[in-house]
Every structure is written in structure tokens, then in C-alpha cells.
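Participant: Output the structure for:
(one chain, ligands or ions: 1)
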Amino acid sequence: MTSLLKVEGLSVHFSGLKALDDVSFELEAGQVRAVIGPNGAGKTTLFNAISGYARPTAGSVLLEDTEIVHCSPHLIAEKGLRRTFQNGGLFAALTVLENVMTGLHTQTPGTFFDVLLGRRKAVEAEIEIREKARDLLKLMSMDHMADTPAGDLSGGQQRIVEIVRTVASEPPVLLLDEPAVGLSPVARQQMMEIIKRLSGEKGVGILLIEHAVELVMAAADRILVMAAGARISEGTPEEIRSDKAVLEAYLGHA
Ligand SMILES: Nc1ncnc2c1ncn2[C@@H]1O[C@H](COP(=O)(O)OP(=O)(O)OP(=O)(O)O)[C@@H](O)[C@H]1O
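Facilitator: Next comes the predicted model:
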């Protein structure tokens, strides 16, 4: 299987500090890969370097065989690698459905003015977008909330809607930064189900930072373990669970 994302020898140094040190891994379509490690391990720096928010000192990032390492965040997103942030910022006054529709508008040919002027093609596109947004919400079991203002949702529900909005643009690769942080145990479980569904049913390649190790063990196909900027282990959840280096370097800090 060819990889969607191929990271090779990626490093980010901040005046002498090796925040990310020669990290390599691959991500395939339909795969969920978790990145774990103690505080300061370099997980966020890895995400920033891949998505264009930090300038790598060395290394390569291939997105479907295209080098993206020196591209801007905007261009990387356009090429099909999307990410969520810990505080994604939905439009509070818009409904859940409208928020998801903003993720879909990037794909449509009609402009806002076309819609205002009632041009037929644009209006048809708008109807199509609305239907697609509803379908996506249904897939994520959020359709009952479609007409609720996003500002009225709980933190966990907002995070789910943010992910739905991000996947609405159908990116082949999705980077999720701690999607389950601060969620109740039930909401965490729901979040992991959503992540598995996105990879299983939509074939999205998902890279995720998550501190809740039990969730990672249940949801990820493969795990990358980092400490002090470097990769200390890589493998399936079973392999990671019994890796001595991980137990010492990671769980020792926990
Ligand atoms: N812009 C920056 N300038 C200088 N040092 C930085 C910068 N960003 C991160 N670092 C340092 O790089 C190291 C890795 O940080 P990073 O935030 O990537 O770790 P992390 O694994 O995401 O940690 P956490 O789990 O706490 O979010 C840390 O020592 C951090 O202080």
C-alpha cells in the first residue's frame, strides 16, 4: 500500500533545543496513527512542522508523493492535509449545520454574490452543500443537533462539530490535536468511534495526539512514541504496550 503521508528525518531546532529530532514514519489511507509521549516530547512541534506552522531545520514531508515541507499552512491545507487545533473556534452564532457548511464552501464554484443574486447554479450548489452537511452530521450521529446554535453545545459536542467541519472538505489526511481532551468518559468513547468511522468508512488517514493512553490503545492502528523530541518506539498497540523503552521513558514520566 502506498502511503498518504511520508515523514522522513524531520527536525525542528529552536536555538540549540532539539524540539523535534530526526523523526520518520508513514501514514496510510484508512489508518489511525497516534502520537504519544510525555509533556515536552515534541508532539505539537511535529504537528506544526507537518502542517506548515513550524519551519523544519531538516527533513521531508511527502503528501501523496508531493513535497510539502516548505509550503505555507494554507497551501498544505489546500493540498489535502487538514488539522484541528485544541481551540478550533466554531462560529457560535451559526447553527451546527451552517458551521459544517462553511467547511464545504471551499469546494463550490459559486460565490456568495451568486447566491445572493439567486443565480441558479449557485443556488443548486447551496442546496447540495446543505444535503451533504446533513449527511455528514448523520454519519457522525450529530444530525439531531443540526439546527442548534454552535454556541449552545457542550465543549465535547463543539469538538465533534469542528472535526465534522474539517472532514467536510474531504481531506485525505487529518491531523487531530488532542480531540478527546476535557471530554466526559462517554464523550471520549464517542469521539474515538467517530475517529474510527472516519478512517474505516471514509478512508481518511488520521494522525492524532492524545494523552489518554487507554483511548489510544483502543483506537489506533499504530502508535509513534516520542520523548525529548525523538522517536523512541513505533508499532501496534500490543507492541507498544510491552515495549520496555516505552515503559521506562514514557510511563516513567507519567
Ligand atoms: N516556538 C518555540 N520556541 C522555543 N522552544 C519551543 C517552541 N515550541 C516548542 N518549544 C519547545 O520544544 C519542546 C517540545 O515542545 P512541544 O510543545 O512540541 O511538546 P509536546 O509533546 O507537544 O508537549 P505537551 O504534551 O506538553 O503539549 C519543549 O521543550 C518546548 O518548550
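Participant: can you tell me which residues contact Gly40?
Facilitator: Ala228 (C-beta atoms under 8 Å, 6 or more residues apart in numbering). Every C-beta, even on glycine, is put in place using the N, C-alpha and C of the backbone.
Participant: Flag the shaky bits of this protein, pLDDT-wise.
Facilitator: Counting by pLDDT under 70, the chain shows low-confidence ranges at 1, 86-88, 106-115, 250-254.
Participant: now the lengthiest helix in the chain, how far from the centre of its chain.
Facilitator: Ranked by residue count under DSSP state H, the longest helix found in the chain is helix 120-139. Relative to its parent chain, helix 120-139 has a centroid offset of 23 Å by C-alpha atoms, centre = their mean, to the nearest Å.
Participant: helices or strands next to the helix or strand just after that helix in the packing?
Facilitator: Proceeding N to C from helix 120-139, the next assigned helix or strand is helix 155-168, under DSSP states H and E. With contacts taken as 3 or more C-beta pairs under 8 Å, 6 or more residues apart in numbering; DSSP states H and E, helix 155-168 sits against strand 81-83, helix 96-104, helix 120-139, strand 173-177, helix 185-202.
Participant: re earlier: with just CA atoms, put the longest helix of the chain into CSV.
Facilitator: The C-alpha trace of helix 120-139 is given here as CSV (Å, rounded to 0.1, in the frame of the first residue of the first chain):
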residue,chain,number,x,y,z
ARG,A,120,-29.4,29.1,-10.5
LYS,A,121,-26.1,27.2,-10.5
ALA,A,122,-25.1,28.7,-7.2
VAL,A,123,-28.4,28.1,-5.6
GLU,A,124,-28.3,24.5,-6.7
ALA,A,125,-24.8,24.2,-5.3
GLU,A,126,-26.0,25.6,-2.0
ILE,A,127,-28.8,23.0,-1.8
GLU,A,128,-26.2,20.3,-2.5
ILE,A,129,-23.9,21.6,0.2
ARG,A,130,-26.8,21.6,2.7
GLU,A,131,-27.6,18.0,1.9
LYS,A,132,-24.0,16.9,2.2
ALA,A,133,-23.6,18.7,5.5
ARG,A,134,-26.7,16.9,6.8
ASP,A,135,-25.4,13.5,5.6
LEU,A,136,-22.1,14.1,7.4
LEU,A,137,-23.8,15.0,10.6
LYS,A,138,-25.8,11.9,10.3
LEU,A,139,-22.7,9.8,9.8
